[in-house]
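In: Give me a model of this one.
(2 chains)
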Amino acid sequence: MIKTGFVERNLRLLFPLPALIFVVVMMLFPVIYTLFLSFTNWNLTSGMPLRIVGLQSYYRIFTEPRFLAAFGRTFAFTGAAVVTETILGIAVALILNREFLGKGLVKLFLLLPLVATPVAVGIVFNLFYDPTIGLANYALSLAGFPRSGWVSNTATVLPSLVLVDVWQWTPMIALIVLAGLAGLSSEPYESARVDGASELQILWRITLPMVMPTIFTAMILRTIDALKTFDIIFAMTGGGPGYSSETLNILGYKYSFEYFRMGQSSVILVALFAVVLACSLGIMKLRGRAEA
Amino acid sequence: MRKKAAFSVLFYILILGVSLVLLFPFFWMLASSFKTQVDIISWPPKILFNPTMANYERVFGEQDFLRYFYNSAVVGVSAVAVGLLLGLPAAYSIARFGQKRLSVFILVARLMPGISFLMPWYIIFSRLHLMDSYVALILSHILIALPLVVWIMSSYFETVPQEMEESAMVDGATRQRAFLSIILPLSGPGIVTATTLSFIFSWNNFMFSQVLSMQKTKTLPIAIYNFVSYAEVDWGAVMAVAVSIMMPAIIITMIFQRYVVKGLTMGAVKG
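Out: Presented below is the predicted three-dimensional model:
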């Protein structure tokens, strides 16, 4: 009989233990604490001890127009961004899905927006969007359109922010779909060509259905991140003008670190988490149906 | 034949268009960082101008800029190192012993909005007098690195054949010995992917540092944000800062292009 040491016998416990402890202490415990705070009316600046008030903070937040607007806006921003990115990303992937001179270079170009610091990206786009000196208005004037306020106008701020997200994250979908396309087997194509199918038919009937699971996964990843978008909005508008570009993440940040209303901010954070979870589960379900 | 040539021209026009859209913001940022304020605010916008180094001299000279660089590097490197230290054994265990539930638990950190642990951290770190400390900042950035390491490495370890450590174990080595001396040296590509990706994400992180760091531990993304908050924006200097922040991540990406692509796309394609 082989004798094994204590470490080796308990390896499956000891190896993951440090990581597990870290995640419990740094994530699970804080999240439970947030959940607890959401049932209090704690305000850091008031100096009053925290009091458990049941669902009162939930009631206060869920009837607050500013919260309801941010709630809807989070979906509008995410929906617009993810749908645009998916369509453009698939298109770019289909264009690039062949061998050509300079393919490696174009793939590098696709990576650059993904690794660019989002805060800095937001600030560069603020220079584009500047109403008096920005290139965006110069382009409009060349095309004969009147100037726009871009992010400084409540009517145009959200689409302008979506545009930045689309620039930065469309390449992510394109790269994922491209990798998915590279993994497809060539058999269905050969038999389709033998049967005389047109390129368009091949695209609709064979290519797209086969990469659909990959596309859905890319959409899940993007949706999770888009719902949580913080850096570009915070850097470009800080939620303004007024409250017109506040999403749940921005509002949660302001309630926590500007107003220090920890009880109410916890309610917003719980809501944001619920939204992220519900959306990822929803798309996963859609994906399951598409595969069936 | 003519149809094919026309298609080929159209194709390259499309490629050119895509590349232009991707690169233009970088180009404009770079160009503006070499412009004087007068050139930047001139209308119509100037494509041709007399380049000046003044913005870079001002940024690197007057501000505590090198210190922010140092802070970002220290936090990024430490977070990635600890992330690997904790994450590699966990990923190995998940891959070899099929600990699905554990991997899901750690990956929830990737799904969760960061702000839902940031707010409690703020309260706890304030109580412990750890605000504006490297410890607090590094701890928070480990939570960026660790899920990436576990995610990338557990699927990488699955591709390393079991026989590798089994033959070593038959020769009398313990499993932990085999992991250290056989499996890890074979896992270079996976480790490079995990390292580059988690360093870049830590380098670019804004929200954690914005809340947990102040004057002493301020990182680069916070520095550029504070730069803009002044009444009148010194666009040339801001663009010089933007270029300096993005450069390290872009250089890393150029060197490790293949690995970065793999890290960004892997889980999605696997299913």
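In: what stretches of the stretch 101-250 of chain B score poorly on pLDDT?
Out: Across the stretch 101-250 of chain B, the ranges flagged by pLDDT under 70 are B:230-231.
In: What segments of it are helices?
Out: Under the criterion DSSP state H, counting those that start in this stretch, the stretch 101-250 of chain B contains helices at B:115-127, B:134-159, B:163-170, B:175-178, B:184-186, B:188-204, B:207-212, B:220-228, B:235-255.
In: For those, give me TSV that also has distance to chain A.
Out: No exception for glycine: its C-beta is placed from N, CA and C like everyone else's. Output for the helices of the stretch 101-250 of chain B, formatted as TSV (distance: least, C-beta to the nearest C-beta, whole Å):
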stretch	distance to chain A
helix B:115-127	4
helix B:134-159	5
helix B:163-170	9
helix B:175-178	5
helix B:184-186	13
helix B:188-204	4
helix B:207-212	5
helix B:220-228	5
helix B:235-255	4
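In: now these in CSV, with mean neighbour count and distance to A:Thr4?
Out: As requested, the helices of the stretch 101-250 of chain B are arranged in CSV below (neighbours: other C-beta atoms under 10 Å in any protein chain shown; distance: least, C-beta to C-beta, whole Å):
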stretch, mean neighbour count, distance to A:Thr4
helix B:115-127, 21, 38
helix B:134-159, 23, 21
helix B:163-170, 14, 10
helix B:175-178, 18, 9
helix B:184-186, 14, 21
helix B:188-204, 23, 27
helix B:207-212, 23, 42
helix B:220-228, 22, 48
helix B:235-255, 21, 42
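In: Give me the pLDDT for B:Phe256.
Out: What the model reports as pLDDT for B:Phe256 is 94.
In: which residues touch it?
Out: Contacts for B:Phe256 (C-beta atoms under 8 Å, 6 or more residues apart in numbering or on different chains) come out as B:Val192, B:Thr193, B:Thr196.
In: need the contact list for the second one.
Out: When contacts are counted by C-beta under 8 Å, 6+ apart, B:Thr193 touches B:Ile152, B:Tyr156, B:Phe256, B:Tyr259, B:Val260, B:Lys262, B:Gly263, B:Met266.
In: can you tell if the helix or strand containing A:Ala278 touches chain B?
Out: Assigned by DSSP states H and E, A:Ala278 belongs to helix A:262-291. Yes: judged by C-beta under 8 Å from any C-beta of the partner chain, helix A:262-291 and chain B are in contact via A:Met262, A:Ser265, A:Ser266, A:Leu269, A:Val270, A:Leu272, A:Phe273, A:Val276, A:Leu277, A:Ser280.
In: ok, now which ones touch the second one?
Out: I take that to be A:Ser265. A:Gly252, A:Tyr255, A:Ser256, A:Tyr259, B:Met119.
In: give the contact list for the third one.
Out: Right, the one you point to is A:Ser256. A:Ser256 touches A:Met262, A:Ser265, A:Leu269, B:Ile115, B:Leu118, B:Met119, B:Tyr122, counting by C-beta under 8 Å, 6+ apart.
In: how close does it get to B:Val211?
Out: Distance of A:Ser256 to B:Val211, given as C-beta to C-beta, to the nearest Å: 8 Å.
In: Overlap of the contact sets of these two?
Out: Common contact partners of A:Ser256 and B:Val211 (C-beta under 8 Å, 6+ apart): B:Leu118, B:Tyr122.
In: ok, then the element right after the longest helix along chain A?
Out: Counting residues, the longest helix found in chain A (DSSP state H) is helix A:65-96. For helix A:65-96, the following helix or strand on the C-terminal side (DSSP H and E) is helix A:103-115.
In: Not counting its own residues, what contacts that next one?
Out: A:92, A:96, A:121, A:167-169, A:171-172, A:174-175, A:178, B:15, B:18-19, B:22-23, B:25-26, B:200, B:204, B:246, B:249-250, B:252-254, B:257, B:260-261, B:264.
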